[in-house]
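Asks: Sequence first, predicted model second:
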There are 2 protein chains.
Amino acid sequence: MCVVGTGLIGTSVALAARRRGVAVYLSDRDPVAARTAAALGAGRAEPPPGPVDLAVLAVPPSRVAAVLAERQGGGLARAYTDVASVKSAPECAVLATAPDPSQFVGGHPLGGRERSGPLAATAELFHGRPWALVPHAGTAPDAFDLALDLVALCGAAPVVLSAREHDETVALTSHVPHLAASLMAARLLDGPAGTPLLAGQGLRDTTRIAGGSARLWADILRGNAAAVAAVLRALNADVSALVAAFDALGDADGPAAAAGLATLTDLLERGVAGLGEVAAPRVDGPADTVPVRVRCPGRPGELARLLAAAAPFGGNTDNAAVTAAPDLSGRAPRDVGADVGAGTGAGERVRDPGAAAAGADAVLDVRFAVPAPTAAGLAAGLRAGGWDARAEPSSSPAIHAKKAVADARRSPDPVRP
Amino acid sequence: MCVVGTGLIGTSVALAARRRGVAVYLSDRDPVAARTAAALGAGRAEPPPGPVDLAVLAVPPSRVAAVLAERQGGGLARAYTDVASVKSAPECAVLATAPDPSQFVGGHPLGGRERSGPLAATAELFHGRPWALVPHAGTAPDAFDLALDLVALCGAAPVVLSAREHDETVALTSHVPHLAASLMAARLLDGPAGTPLLAGQGLRDTTRIAGGSARLWADILRGNAAAVAAVLRALNADVSALVAAFDALGDADGPAAAAGLATLTDLLERGVAGLGEVAAPRVDGPADTVPVRVRCPGRPGELARLLAAAAPFGGNTDNAAVTAAPDLSGRAPRDVGADVGAGTGAGERVRDPGAAAAGADAVLDVRFAVPAPTAAGLAAGLRAGGWDARAEPSSSPAIHAKKAVADARRSPDPVRP
């Protein structure tokens, strides 16, 4: 393999390949960058003795076609790929200027770090990350296979797309998010004096990616201008509607205020739904859980003791729900612990007027919703510690609680049994 | 102390107070919530035997004044505070209806979690976090002092503001960021099929807080409508300008495209600057670093060996810069490792045309910029391992490199020596 361009991405690809025993030849128009990468173990900073299988052109999007023409002219490799974060323009230029476009398949690995340069490179940069592969109509199957091999070598997951699909998608998943972060961060310049003092993790997360190099991102974004413009236009419509909604809300109650509230609520709900589209898959699916039910005296500290006793066997606050002991209320349990909502300020209280206002030492009904294999061990372990615990076969109130805990774990909206 | 409302915030406050030996009496209109909090060790779910020092009203903003009037009427405490995430409206209502407003000081702890309810509470929720204190003109000094005691008890940092400053600030640091996240997340509903496959950490961070309960956040946001509207209007202006800029960029080169690029670049730079306003302080200030200089042979793998040898003594890729050995180029070193930019795609290469294209085994000049106390140990440790290493007194090229590394660590923009 040959890596042309030993920045963050090129050097990381080379390190991953070296780790799998592939011979790697490095090149960069900056000889010190190539030597640095070699000195890090990424390969040899010299031309290969003969044609290599695959050349990875880790150069800026505007340079891909020119570098391909030059290297292909010298017979560097049997196949070529790139790593540019936009695909339409480079592909277009390649099709126009490459000696043999069939040897080329576009690529875009979605790993990255805030820092760049060979010193920041690691062999694990792409582990478990998506790697877009963008063959054009004339890409030879052998070239595509070699690019697939590279993706596998780097531990990444190939996602095959057309150049246009790719550019539209990254406009949405990478480019406009960068702009959204910049737009929000730019507002901070006009803020009151106390702004830095009240900044929290939510703000930092929302604005984090605004920290990327302005010049580099201007280049990236202008390289995908049409696709970005389309998403921005839709965003603009939503923002304008929101401004009108908040103006209406500020104007006391009445039909305008109600319409404003509806607009606002609709946007928030669409945000929740949109987030659900891209949620990272959860490791523990909630579907196959069994409730382990424990009757816990309501004495101060007793529940904390129970949680400590349950922890080694898999019971914890994430899978627990606390309800009134059913013989007090005679109603379906509702989950106190499953309320999920925004963090700051007082959360919503779930009220169950049917629950008797029993004394402070009334029994609490605690259910741990754990995977079936864990349930027997948890119940037995708690019983050995003196707790009144048993794994329950599914029954209506237990399913209710289990589903409520599972839904709460998965979804930010409160669950009403 | 009395905590009225044992949700996430109220129970966490109670747990923090209990940990410091304060007697805490808990109350909630849902008796099971109060018993759950008590069972977690947050206090006793019963009325106090007599007036307490401080009552924390951990109830929704719209309930603060009513609960205060009720509890103050019963002589519950010497002082009262709340935790609502907006302050103007509750303060207004308190001033209008409280039997004795001088006993009241508004408060807003900025800790939180996606989950809510007493089971999600922890005593450490507010450690190191800001806690806004909002005394009104008539707040008694004793009441303010008691609220300050509470903040200290919870390990938080008090930030004293007026209600109006508070609401304008949280509009910027919490409320509009939530809307920005929702606006971006809502776009994902209209995305191409591949959208979830190419989603990465940048997108997830930018949209994470959009997952909060739509209903809860609609309530929070409408409670701060005027301040939110002001920020949104400015955001709207920026978005509209961006749409025009991208339309211009999509239309080939020319004056409109140049103007579009200028608008885009200006927004990105304002984003970088805005982010700098709220950056979390770095633990290691870069100001007092001393360069430890090592001449490292450029053989494959040698730099990796050096980094491994330096690690136990404090040298690593975060504080290292690699340059051409100066006797080859005769020019000021530029830092290969200090390029910082966006992660995906090829990073920018720093070119130094003055550097001779030496052979692959030419020597690399590595400088570790470490705090002065560390420098001697690093140099000595490396020499003991056979490396040509020494700590340097400040000199012009070393300052250059040190500053470049330090600036790179601090700021995302590339540094050009």
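Replies: Perfect, thanks for sending it.
Asks: Helix, strand, or coil at A:Gly276?
Replies: At A:Gly276 the chain is in helix, as set by DSSP: H, G, I helix; E, B strand; the rest coil.
Asks: Give me the number of neighbouring residues for it.
Replies: 17 (other C-beta atoms under 10 Å in any protein chain shown). For glycine as for every other residue, the C-beta is placed from the backbone atoms N, C-alpha and C.
Asks: likewise A:Asp30?
Replies: Neighbours of A:Asp30 using other C-beta under 10 Å come to 22.
Asks: Please apply the same query to A:Gly43.
Replies: The tally of other residues near A:Gly43 (other C-beta under 10 Å) stands at 26.
Asks: List the contacts of the nearest residue to A:Leu57 once chain neighbours are set aside.
Replies: Setting aside the residues directly before and after it, A:Leu57 is nearest to A:Asp82 in space (C-beta to C-beta, 6 or more residues apart in numbering or on different chains), at 4.5 Å. Going by C-beta atoms under 8 Å, 6 or more residues apart in numbering or on different chains, A:Asp82 touches A:Val56, A:Leu57, A:Ala58, A:Val59, A:Val64, A:Leu68, A:Pro90, A:Gly106, A:Gly107, A:His108.
Asks: ditto for A:Ala93
Replies: The neighbours of A:Ala93, taking C-beta under 8 Å, 6+ apart as the test, are A:Val64, A:Ala65.
Asks: May I have the predicted confidence score for it?
Replies: Note for A:Ala93: predicted pLDDT of 96.
Asks: Then A:Ala121?
Replies: Value for A:Ala121, per-residue pLDDT: 93.
Asks: right, and it touches A:Ala16 too?
Replies: No. Counting by C-beta atoms under 8 Å, A:Ala121 does not reach A:Ala16; the two are 9.5 Å apart.
Asks: rewinding a little: give me the pLDDT for the residue nearest to A:Leu57.
Replies: The per-residue pLDDT reported for A:Asp82 equals 98.
Asks: How about A:Ala229?
Replies: Looking at A:Ala229, its pLDDT is 96.
Asks: Touching, it and B:Asp251? I think so.
Replies: No. Counting by C-beta under 8 Å, A:Ala229 sits too far from B:Asp251 to count as a contact (10.3 Å).
Asks: Compare those two (neighbour count), which wins?
Replies: A count of neighbours by other C-beta under 10 Å puts A:Ala229 above the other of A:Ala229 and B:Asp251, at 21 against 13.
Asks: three-state assignment of that one?
Replies: Going by three-state DSSP: A:Ala229 is helix.
Asks: Where does the stretch 51-200 of chain A get nearest to chain B, residue-wise?
Replies: Per C-beta to the nearest C-beta, the residue of the stretch 51-200 of chain A with the smallest distance to chain B is A:Gly112, at 2.3 Å.
Asks: pLDDT at that residue, what is it?
Replies: At A:Gly112, pLDDT is 72.
Asks: Repeat that for A:Asp30.
Replies: Note on A:Asp30: pLDDT of 93.
Asks: Kindly report the same for the one 4 residues further on.
Replies: Note for A:Ala34: predicted pLDDT of 95.
Asks: With A:Arg334 instead?
Replies: On pLDDT, A:Arg334 comes in at 39.
Asks: Ok, A:Leu307 next?
Replies: pLDDT, A:Leu307: 89.
Asks: Look up which helix or strand it falls in, please.
Replies: helix A:302-310 (DSSP states H and E).
Asks: For the stretch 51-200 of chain A, give me the ranges with low pLDDT.
Replies: For the stretch 51-200 of chain A, the stretches with pLDDT under 70 are A:114.
Asks: Would you map the strands across it?
Replies: Taking DSSP state E, counting those that start in this stretch to define them, one finds strands in the stretch 51-200 of chain A at A:52-57, A:77-82, A:104-109, A:130-135, A:157-160.
Asks: So the residue of the stretch 51-200 of chain A closest to chain B is in contact with A:Leu8, correct?
Replies: Yes. Using C-beta under 8 Å, A:Gly112 is in contact with A:Leu8, at 7.4 Å.
Asks: Just want to know which of those two has more residues nearby.
Replies: Set A:Gly112 next to A:Leu8 and count neighbours by other C-beta under 10 Å: A:Leu8 wins out with 31 against 27.
Asks: ok, now how distant is that one from B:Phe368?
Replies: Distance, A:Leu8 to B:Phe368, using C-beta to C-beta, to the nearest Å: 20 Å.
Asks: repeat for A:Ala256
Replies: Using C-beta to C-beta, A:Ala256 is found at 63 Å from B:Phe368.
Asks: So if I had to pick from the two, which one is more boxed in?
Replies: B:Phe368 (32 against 15).
Asks: Check whether the more buried one really touches B:Val294, as I assumed.
Replies: Yes. Contact criterion C-beta under 8 Å: B:Phe368 and B:Val294 qualify, at 7.3 Å.
Asks: about what we covered before: highest average neighbour count across the strands of the stretch 51-200 of chain A?
Replies: Comparing these by mean neighbour count (mean count of other C-beta atoms under 10 Å in any protein chain shown), strand A:104-109 ranks first with a mean of 28.
Asks: Okay, now the sheet partners of that one, with direction.
Replies: strand A:77-82 (parallel), strand A:130-135 (antiparallel) (DSSP bridges).
Asks: Report the angle between the first one and strand A:52-57.
Replies: Right, strand A:77-82. 20 degrees (axes from the mean of the first three to the mean of the last three C-alpha atoms, to 10 degrees).
Asks: Next: the last one.
Replies: Strand A:130-135 and strand A:52-57 meet at an angle of 110 degrees, taking the same axes, to 10 degrees as the criterion.
Asks: what about the residue nearest to A:Leu303 when sequence neighbours are not counted, how many residues close to it?
Replies: Excluding the flanking residues, the one nearest A:Leu303 by C-beta to C-beta, 6+ apart is B:Ala39, at 3.4 Å. Applying other C-beta under 10 Å, we find 27 residues neighbouring B:Ala39.
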